[in-house]
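K.L.:
sequence and predicted structure below; questions after.
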Amino acid sequence: MRVAILGGGITGLATAWHLQQAGATVHVYEAGPTAGGNVGTRQHPAGYVLELGPNSLQLSPELEELIQALHLNDRIREPEAVSGRRYVVRGGQPRELPGRPQQLLFNGFFSLKARFAVLRELSRPAQPADPQETIAHFFRRRFGPEILDYAVNPFVSGIYAGDPERLLLQRTFPQLAALEQEHGSVLKGLARSMKGVGRRRIISFRGGLQTLTDALATQLAYLHLNTRVQALEPLPDGRYQLRLAEGAASPEPFDALVLALPAYAAAPLLQPLNDAAATALQAVHYPPLTAVHTAYDRADVAHPLNGFGALSPRVEQPVAAGTLWSSSLFPDRCPAGQVLLTSFVGGAQYEELARQPDEQLLAALRGEQRRHYGIRPGARPRFQELFRWEKSIPQFDERIGAAHAAADALEARGIWTAANWRAGVGIPDCLRRARLVAEKINAARRA
């Protein structure tokens with residue numbers, strides 16, 4: 001069994017690893033100079049460890065198994081205890097958000113009216129399931145506008161770079177839709193389903209998250225970097241030849257293909273084979289996002305930074321959708337005596353902010369940091385650097401369904417899809433998808 005995987009991000013690498021473990025000959029083709037995709041860590045010579053994409057991982061069963069198989073247990077880095085505290089900007093200042101749904105009623109973060117709305121949710125009847133219902137519509141009808149504005153909106157923006165008015169509930173949080181249908185009340189369902197379940201561990205690695213993708217890459221027999229696939233050529237026997245850069249053909253045909261590419265990168269390859277599929281994939285929206293790393297002297301920052309970070313609701317008209325307090329989580333991310341903030345500017349609600357010229361964006365962010373964190377007047381950052389994702393996180397809005405349906409149809413032709421637009425945007429989602437695709441390809445081989 002020969003399999004070609006196009007794309008060397010976390011999903012492509014993990015799919016290749018699973019297939020290779022099952023005995024397949026797997027070639028991974030990555031157009032860039034390094035593997036890892038959106039997972040990338042920069043070791044700055046001044047002593048900063050800068051994550052360019054994800055900054056930490058939830059330790060899912062799939063990830064835990066992979067870490068053990070790659071012998072990375074001794075490289076795991078646990079965050080500091082303050083990571084359990086989450087903040088949301090309200091009234092121009094970061095305020096701690098209740099940690100659990102039941103605490104909404106007893107915490108002063110929300111108004112009395114909002115707390116009554118939460119209490120009424122317990123007796124509000126379920127509505128018929130609607131696959132086109134947005135996150136915003138769901139939370140507005142069940143919990144009211146304040147919960148949507150100050151809890152849901154910043155979470156969706158900070159984690160998914162998305163707009164809750166556009167993202168579909170059943171594509172992003174299907175478990176919440178299921179809880180309403182099964183229990184009537186979302187809060188009742190959460191209370192029953194979470195009994196005895198602790199919060200999933202958050203981890204990183206010594207040296208950053210790229211430790212994981214680097215370890216995966218070294219396990220692969222055939223990883224072709226700086227190699228762009230130009231075309232897919234179906235053969236009469238059902239296999240595929242790849243046309244590589246400058247027209248060169250792959251040495252041998254492949255029995256199956258895995259597209260572990262962003263939807264916009266997979267679309268041109270599919271266009272000659274299935275124009276409708278290409279059109280559906282091209283329509284998937286990827287908003288721009290700019291990651292900014294800023295370091296200050298600890299003495300210049302009044303705020304204790306005693307938490308994971310702060311998310312900003314749209315109603316607060318923020319510059320950054322969210323800021324991680326990176327050095328509070330992992331003190332070795334910057335030199336002693338400094339603090340490192342990792343801010344994300346842009347996403348589906350703030351596309352124009354992400355595209356500002358460098359200095360304009362950095363100056364606006366510094367002003368916001370002075371207001372939020374009590375930066376001493378006249379203090380300047382020790383370090384500030386940005387990294388732009390022109391196309392960041394795929395949006396699971398009304399356009400994603402057609403892309404998923406097209407991907408399902410391609411499987412009959414021996415073309416499989418494994419990427420975050422197909423799997424879900426979290427790394428645990430991507431690892432589950434990688435295993436599923438490998439299992440499907442192995443099952444097709446045995447059939």
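P.N.:
Yes, it's here. Just so it is clear, the structure is predicted and the values come from calculations on it, not from any experiment.
K.L.:
C-alpha coordinates for the strand or helix carrying E359, CSV please?
P.N.:
Element membership of E359 [criterion: DSSP states H and E] is helix 358-373. Taking C-alpha atoms only, helix 358-373 is exported to CSV below (Å, rounded to 0.1, in the frame of the first residue of the first chain):
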residue,chain,number,x,y,z
ASP,A,358,3.1,47.0,11.3
GLU,A,359,3.8,50.1,13.3
GLN,A,360,0.2,51.2,13.4
LEU,A,361,-0.9,47.9,14.8
LEU,A,362,1.9,47.6,17.3
ALA,A,363,1.3,51.2,18.6
ALA,A,364,-2.4,50.5,19.0
LEU,A,365,-1.7,47.3,20.9
ARG,A,366,0.8,49.1,23.2
GLY,A,367,-1.9,51.6,24.0
GLU,A,368,-4.3,48.9,24.9
GLN,A,369,-1.8,47.1,27.0
ARG,A,370,-1.1,50.3,29.0
ARG,A,371,-4.8,50.6,29.7
HIS,A,372,-5.4,47.0,30.6
TYR,A,373,-2.2,46.1,32.5
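K.L.:
how about low-confidence regions in the stretch 151-300 of the chain?
P.N.:
195-199, 247 (pLDDT under 70).
K.L.:
can I get the helix or strand following the helix holding E359 in CSV, CA atoms only?
P.N.:
Using DSSP H and E, the helix or strand that follows helix 358-373 in sequence is strand 383-389. As requested, the backbone C-alpha atoms of strand 383-389 are provided in CSV (Å, rounded to 0.1, in the frame of the first residue of the first chain):
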residue,chain,number,x,y,z
PHE,A,383,10.8,43.3,22.8
GLN,A,384,7.9,43.4,20.4
GLU,A,385,7.5,41.3,17.2
LEU,A,386,4.6,40.2,15.1
PHE,A,387,3.8,37.3,12.9
ARG,A,388,1.0,37.4,10.3
TRP,A,389,-1.3,34.6,9.3
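K.L.:
sheet partners, orientation included, of strand 383-389?
P.N.:
In the sheet containing strand 383-389, its partner strands are strand 289-297 (antiparallel), by DSSP bridges.
K.L.:
which residues are in contact with the partner strand?
P.N.:
Contacts with strand 289-297, where a contact means C-beta atoms under 8 Å, 6 or more residues apart in numbering, come from 48, 50-53, 161, 320, 326, 334-335, 337-347, 354, 361-362, 365-366, 369, 375, 379, 381-389, 392-393. Where C-beta positions appear, they are placed from N, C-alpha and C, glycine not excepted.
K.L.:
what does stretch 113-125 give?
P.N.:
104-105, 110, 142-144, 146-147, 184-188.
K.L.:
show me which of those residues is closest to C430.
P.N.:
Looking at those and their distance to C430, the nearest is V186, at 26.5 Å (C-beta to C-beta).
K.L.:
tell me the contacts of that closest one?
P.N.:
By C-beta under 8 Å, 6+ apart, the contact set of V186 is E121, R142, L176, L179, E180.
K.L.:
A151 now?
P.N.:
If you count contacts by C-beta under 8 Å, 6+ apart, A151 has them with V88, L97.
K.L.:
and it, that's in a strand?
P.N.:
No - remark: A151 does not belong to a strand; assigned using DSSP: H, G, I helix; E, B strand; the rest coil, it is helix.
K.L.:
ok, now how distant is it from L176?
P.N.:
Relative to L176, A151 is positioned 13 Å away (criterion: C-beta to C-beta, to the nearest Å).
K.L.:
swap in R445?
P.N.:
37 Å.
K.L.:
repeat that for A364.
P.N.:
With the distance defined as C-beta to C-beta, A364 ends up 34 Å from L176.
K.L.:
hang on, the earlier thing: buried ones among the contacts of stretch 113-125?
P.N.:
Neighbour-count burial (16 or more other C-beta atoms under 10 Å) applied to the contacts of stretch 113-125 gives L104, F110, R142, F143, G144, E146, I147, S185, V186, L187, K188.
K.L.:
sitting in helices, which of those do you find?
P.N.:
Residues from these lying in helices, with DSSP state H as the criterion: R142, F143, E146, I147, V186, L187, K188.
K.L.:
how about the strands of the stretch 151-300 of the chain, start to end?
P.N.:
Using DSSP state E, counting those that start in this stretch, the strands of the stretch 151-300 of the chain run over 202-205, 222-224, 229-234, 240-244, 256-259, 289-297.
K.L.:
deepest of the ones you listed, which one?
P.N.:
Of all the strands of the stretch 151-300 of the chain, strand 256-259 has the most neighbours on average by mean count of other C-beta atoms under 10 Å, namely a mean of 26.
K.L.:
parallel or antiparallel, list what pairs with that one.
P.N.:
Counting by DSSP bridges, strand 256-259 is paired with strand 2-6 (parallel), strand 415-417 (parallel).
K.L.:
any low-confidence regions in the stretch 1-150 of the chain?
P.N.:
Within the stretch 1-150 of the chain, the stretches with pLDDT under 70 are 100-105.
K.L.:
what ranges do the helices span in it?
P.N.:
Applying DSSP state H, counting those that start in this stretch to the stretch 1-150 of the chain gives helices spanning 10-21, 61-69, 112-121, 135-143, 145-147.
K.L.:
tell me which of those sits nearest to L209.
P.N.:
Comparison of the helices of the stretch 1-150 of the chain against L209 by C-beta to C-beta identifies helix 10-21 as nearest, at 9.2 Å.
K.L.:
which helices and strands sit right next to the closest one?
P.N.:
For helix 10-21, the elements it packs on are strand 2-6, strand 25-29, helix 210-218, helix 427-446, judged by 3 or more C-beta pairs under 8 Å, 6 or more residues apart in numbering; DSSP states H and E.
K.L.:
still on that earlier bit, distance to P428 and mean neighbour count added to the strands paired with strand 256-259, as CSV?
P.N.:
Rendered in CSV, the data for those read as follows (distance: least, C-beta to C-beta, whole Å; neighbours: other C-beta atoms under 10 Å):
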stretch, distance to P428, mean neighbour count
strand 2-6, 20, 25
strand 415-417, 18, 25
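K.L.:
as TSV, those with distance to T290 would be great.
P.N.:
TSV is the format used below for the strands paired with strand 256-259 (distance: least, C-beta to C-beta, whole Å):
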stretch	distance to T290
strand 2-6	27
strand 415-417	28
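K.L.:
R75: which of those is closest?
P.N.:
Where the strands paired with strand 256-259 are weighed against each other on C-beta to C-beta, the nearest is strand 2-6, at 24.9 Å.
K.L.:
centre of the chain to that closest one, how far?
P.N.:
Relative to the centre of its chain, strand 2-6 is centred 24 Å away, using C-alpha atoms, centre = their mean, to the nearest Å.
K.L.:
and it with helix 10-21, angle?
P.N.:
With axes from the mean of the first three to the mean of the last three C-alpha atoms, to 10 degrees as the criterion, the two stretches strand 2-6 and helix 10-21 enclose an angle of 170 degrees.
K.L.:
contacting residues around strand 2-6?
P.N.:
Under the contact criterion C-beta under 8 Å, 6+ apart, strand 2-6 has outside partners 12, 15-16, 19, 24-29, 229, 240, 242, 250, 252-261, 266, 269, 418, 441.
K.L.:
right, I'll leave it there.
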